[in-house]
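*Asks:* I would like the atomic coordinates for the input below:
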Amino acid sequence: MARSLAMWLVATATGCGIADFDIDQPVQAQTIQGSGIPAPLAAIFPLPLNLDLESKIKAKDTGPIDSVTLSSLTLHITSSGGDWSFVTSIDVFVESTRSATTLPKVKIASVSSPGATQTLTFNVEHGVNLKPYIDEGSQVDSSGTGTQPTQNVSFDGQGVFTVHPL
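*Replies:* Numbering: from 1, shown residues only. Reported below is the predicted structural model:
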């Protein structure tokens, strides 16, 4: 009887739309300009990661949302012969775009010394609730270190966000 009740509660919660769910967001295709002379990477590339998840959340008909967290972030080299060996480290941050906000800029992901790989998989900072940033209008940016690649490097990617309804 207890097992049947537990199964019914899980089925009901899922059917009502109150179970956690993931939303995939693409990282727009970009190109990092190469240089024939290796030099310090003056400014790491921007990460135009869209946190405008409201329409996708509404489509799930979940009701109020408790929190939104980043589950994964990956970048994929799309140019032939390129890799991430020019990167030493990258930190990804989110901040509010509202003036006079009380929300601090916070790190949401990072990667160090990825090596000669074509897929860059970030370590996600768990427990960072992105909902207040999304509510205020959010901006995602990055900072990092490395050397400018010797050839142009094109990439795209994907962020996966987990939505936690009340």
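*Asks:* quick one, helices of the protein?
*Replies:* Applying DSSP state H to the chain gives helices spanning 2-15, 54-59, 131-136.
*Asks:* quickly, which of these bottoms out on average pLDDT?
*Replies:* Mean pLDDT per stretch puts helix 2-15 lowest among the helices of the chain, at a mean of 39.
*Asks:* how close does V87 get to L120?
*Replies:* 7 Å (C-beta to C-beta, to the nearest Å). From N, CA and C alone the C-beta is placed, and that goes for glycine too.
*Asks:* more neighbours: which of these two?
*Replies:* V87 (25 against 19; other C-beta atoms under 10 Å).
*Asks:* that one against V111, yeah?
*Replies:* Yes - with contacts defined as C-beta atoms under 8 Å, V87 counts as touching V111 at a distance of 7.3 Å.
*Asks:* shared neighbours, these two?
*Replies:* When contacts are counted by C-beta atoms under 8 Å, 6 or more residues apart in numbering, V87 and V111 have L120 as shared neighbours.
*Asks:* joint contacts of V87 and L120?
*Replies:* V111, P114.
*Asks:* tell me where this protein has strands.
*Replies:* 21-32, 65-77, 87-96, 106-112, 119-121, 123-124, 138-146, 153-165 (DSSP state E).
*Asks:* between the fourth one and strand 153-165, how many degrees?
*Replies:* Pointing back at strand 106-112 there. 140 degrees (axes from the mean of the first three to the mean of the last three C-alpha atoms, to 10 degrees).
*Asks:* and strand 106-112, which strands flank it?
*Replies:* strand 87-96 (antiparallel), strand 123-124 (antiparallel) (DSSP bridges).
*Asks:* and if you look at the fifth one?
*Replies:* Each strand paired with strand 119-121, and its direction, by DSSP bridges: strand 65-77 (antiparallel).
*Asks:* list the buried residues of the strand it pairs with.
*Replies:* By neighbour count on 16 or more other C-beta atoms under 10 Å, the buried set for strand 65-77 is I65, S67, V68, T69, L70, S72, L73, T74, L75, H76, I77.
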